[in-house]
Structure formats: structure tokens, C-alpha cells
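Participant: Just a sequence and a predicted model for now, questions to come.
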Amino acid sequence: MNNAALANGESCERLMHESNSGNTVLATGNFPLKEDDLNFVEVARIMDKELESDENEVIDEYLKDSMSMHTSEPPIPYNDPELKRESLRKSEIDSGEEKKSLAEIARKQKSTKSLLATNNTQLCGPRWKGKGFSLIARDNPMSNIVKQLQNSLMKASISGKLSGSNVILPARSDQSNLLDRACFGRPISTLDRETTWFQLGPEEAFYLVHSLKCLSISDPESGLAFDHDQLWKIIDSSTNENFLNMYAAYAHLRSKNWVVRPGIQYGVDFVAYRHHPALVHSEYAVLVFGEDGLRPRLREWADLQGTLRVSGSVAKALLVITIKWNCPLSFPICLEQCSIEERVMERWIPQRNRDGSSQV
């Protein structure tokens, strides 16, 4: 048996065997996949499907056992009063035990719901989507994946095309794989089968250009590459939000190896993941503010409470990032001298926050 690792090898328990050609393959249903063609994102999706299949098999087996338990007992003779009395006594005992068991389950469910309701802001932490996914993330640090992407783009000297405030980027299969694993942009469906096209958001594109220095962006009409100052002004003028604050917050979280994705579906600016979204749920819903206080978010108590309720209901902590500029707003000096304040907001709950007692 070949002991070669499958993406993270040691953390993925899989049935491996040798094919006729001598290549190690992964047995997954009717589709054997070559080991070299898989990355940890695909492994995570395969594992998720297998876990779901195993759960369905367990449920089916349980239902079969339950049916056999109820149908395997012989019928009680109608004309034997002693057996009838004994059967009734046993059924009463079983019924009482079943009621106690159901009451205990209901009590535990109620306790769990109460705990979630009163501690929804304390759910911050990694929530992995499957068994063993934490090991996959440990064996594939996001910092290493971003470094591989940086080296690949630098060697290829790829140039993206500016389209409004977004950037369209052509990528080969290996670069497309790294962009997906590092969570930059999203693939676009085209008729070109040899090249995969990615659409990068303004913060993602400028992070690759300015922070990682592995990408150039050119004018689609003239074909000339923009310098950093020109690109900054063009993107800033084409976005609705203050791009300076948004990029500073995005780069701050990325520098700490968080995966940052748009958070429009939760009514926030970003959502932050500990690793790839295929492996783990996001932990933070992020709102970005500048020190000028011109943004209308969270100015009213109802807006603050509503945002906290939404983030808490999806098991995310609300992270408010405030950008403080310690110099005139001139690029790029301002990015090097700004200070960033992080604050986790919690919803005030009387049962938990009242002084002197945990209950009303």
C-alpha cells in the first residue's frame, strides 16, 4: 500500500488501494479520484457527504430494529387471564419508563435552548463542519497557502483587468486551485476551458497588489499597468463605501491569517473565518467604522440590538473595527501609520447581566 498523503494524509482516514496503473486512488462510491487531483477543500466536501450518508444508514438501521422489536413478540392468548394481567403490568411499567425518558429528553432540550438563548454572544469559536476538519486545517495553515499563491502569481507575472471596482483575473489550473484554497475572489463561468477567470473584489485585488505585491492590474483599454497610487484613486472613486477604511480593516484581518469574505447576507461588511469556508463556519460578523463617525450604522439602539440579534442567531460574534488615522489621508503613508481598534459587541440580556443576580 502506498503511504502517500492525500492533501493532509494523516488526518483523513480513507480506504486507499492501488489501481492497475500503480496510482493511489481514493475509493469514494463509484468515482475513484486520483490522489494528485484532490486538495483539502475537495476532501472536506467528500467527507461531509460520507458523514451524511453514514447518518442516514444509522437512522434506517434504528428504524428497522424498532419495527422488529414491536413485531417480534408472540401474541398473548386471549383466554389466559394471568398472562393478560402480567402483560398489562409490564406495559404500564414500560409506558411509565418511556414517559420519564421523554420528559428527561424534553428537559434537556429546554435547558439547551435556554443556554443558547442567554449565551448567544458567547458562541464565538471554531465550529468545524465535519469530523477531522480541524486536523485538515492544522496540517494546511492558511499562511502557507497564501504564501504559495503569492509565489505562483509572482512567477507567472499575471495581470488582471479592471472592471468597475472589481478585477477580472485569468488563472491556470494550479493558480485557480490556490486562489480557491486561499479564498480570493470567485470563479466566473466562461467558454474558455483552458483558463479559469476569477472576479476579485476591490479589497482582495488591492491586497494582492499592495500587500503581497504579486499582481499587477492594467487598464482594459490601453493595456498599461496602473501604479499603486493610480489604482487606489480609481477604486476609491468607484466604490460607494469609504474604501480607505474598508481596505485597512480587510488587510488587518488578512494579516492575522483570517479568511475574509463579504458579509452582505448578514447585513455587515465582512465575515471572518478561521480557515476555508468548506471546513469551518465563520466566527465574526464585522462592521467597519472610521473615526470621523460619518457612517450611519449603529447610531440608534434599535439598529445595534437588531444587528446583535442577527449575528447571534447565526452563532457569530459582532466585531466592530474602528480605523483611526494618525496622519493626513494620503496614500500610502496613511496605511502604515493608522491604528486599528477591535471591539466585540454583546447584546444586553437582563437575566444574565442584572447586577447581583443571574435571574430576574
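Facilitator: Right, received. Where do you want to start?
Participant: ranges for the helices of this structure?
Facilitator: With helices called from DSSP state H, the chain shows them at 40-71, 81-118, 133-139, 142-156, 173-182, 202-206, 228-238, 243-255, 301-313, 333-337, 350-353.
Participant: as a whole number, average confidence for the last one?
Facilitator: Read it as helix 350-353. For helix 350-353, the mean pLDDT works out to 68.
Participant: Ok, the fourth one next?
Facilitator: If you average the pLDDT over helix 142-156, you get 94.
Participant: Could I get the CA-only coordinates of that helix as CSV?
Facilitator: Output of helix 142-156 as CSV, limited to C-alpha atoms (Å, rounded to 0.1, in the frame of the first residue of the first chain):
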residue,chain,number,x,y,z
MET,A,142,-3.7,29.4,5.7
SER,A,143,-0.5,31.4,5.9
ASN,A,144,1.3,28.7,3.9
ILE,A,145,-1.4,28.6,1.3
VAL,A,146,-1.3,32.4,0.8
LYS,A,147,2.5,32.2,0.5
GLN,A,148,2.2,29.5,-2.2
LEU,A,149,-0.3,31.7,-4.1
GLN,A,150,2.0,34.7,-3.8
ASN,A,151,5.0,32.8,-5.2
SER,A,152,2.9,31.3,-8.0
LEU,A,153,1.5,34.7,-9.1
MET,A,154,4.9,36.4,-8.9
LYS,A,155,6.5,33.7,-11.2
ALA,A,156,3.7,33.9,-13.7
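Participant: Point out the other helices and strands that that helix packs with.
Facilitator: helix 173-182 (3 or more CB pairs under 8 Å, 6 or more residues apart in numbering; DSSP states H and E). Where C-beta positions appear, they are placed from N, C-alpha and C, glycine not excepted.
Participant: Enumerate the positions of the helix it packs on that are buried.
Facilitator: Neighbour counts using 16 or more other CB atoms under 10 Å place 175-182 of helix 173-182 among the buried residues.
Participant: And for stretch 198-209?
Facilitator: By neighbour count with 16+ other CB under 10 Å, stretch 198-209 contains the buried residues 198-209.
Participant: what would these look like in a markdown table with distance to Y284 and pLDDT?
Facilitator: Putting the buried residues of stretch 198-209 into a markdown table (distance: CB to CB, whole Å; pLDDT from 0 to 100) gives the following:
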| residue | distance to Y284 | pLDDT |
| --- | --- | --- |
| F198 | 25 | 94 |
| Q199 | 24 | 94 |
| L200 | 22 | 95 |
| G201 | 18 | 94 |
| P202 | 21 | 93 |
| E203 | 16 | 94 |
| E204 | 18 | 95 |
| A205 | 23 | 94 |
| F206 | 21 | 94 |
| Y207 | 18 | 95 |
| L208 | 22 | 95 |
| V209 | 25 | 94 |
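Participant: S237: which of the buried residues of helix 173-182 is nearest?
Facilitator: L179 (26.5 Å; CB to CB).
Participant: if I look at that closest one, how far off is L153?
Facilitator: Counting by CB to CB, to the nearest Å, the gap from L179 to L153 is 9 Å.
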